[in-house]
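Undergrad: Fold the stuff below for me.
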Amino acid sequence: MNMQQMIIQAQKIQREMQKKQKELEEKEFTISKNGAVTVVVKGDKTIKSVDIDKDALDPENKEMIDELVALAINEAIAQIKAAEEEISSQVTGGGLPF
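TA: Okay, the predicted model is just below:
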């Protein structure tokens, strides 16, 4: 493969990565923990919503709710990272062509 073909291939990969990344940014990841907490995080890692079940809003449950919110957000971020890795693997075929 000559240098020009490598550059063209790299540009093609870059365009495909940008397209897939844009699609991922719009995707929503919804995580629910024990039915008490539901978090929606977009693929760009912004939090769209946090819903806490009214029955869980007992002051005695504060620590549990805090932990469930953190767990749900962290799980959503982990799913987003996994999706990013999958996109990278799909577009590059597991590695760069050169």
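
Undergrad: for the protein, longest helix please?
TA: Longest helix of the chain, by residue count under DSSP state H: helix 62-92.

Undergrad: tell me what it is packed against?
TA: Packing partners of helix 62-92 (3 or more Cβ pairs under 8 Å, 6 or more residues apart in numbering; DSSP states H and E): helix 3-26, strand 28-33, strand 37-42, strand 47-52. Where C-beta positions appear, they are placed from N, C-alpha and C, glycine not excepted.

Undergrad: which one of those is the most hemmed in?
TA: strand 37-42 (a mean of 20; mean count of other Cβ atoms under 10 Å).

Undergrad: I'd like to know which of the helices and strands packed on helix 62-92 lies nearest to Ser88.
TA: Closest to Ser88 of the helices and strands packed on helix 62-92 is helix 3-26 (Cβ to Cβ; 7.1 Å).

Undergrad: what's the angle between that closest one and helix 62-92?
TA: Relative orientation of helix 3-26 and helix 62-92, computed by axes from the mean of the first three to the mean of the last three Cα atoms, to 10 degrees: 150 degrees.
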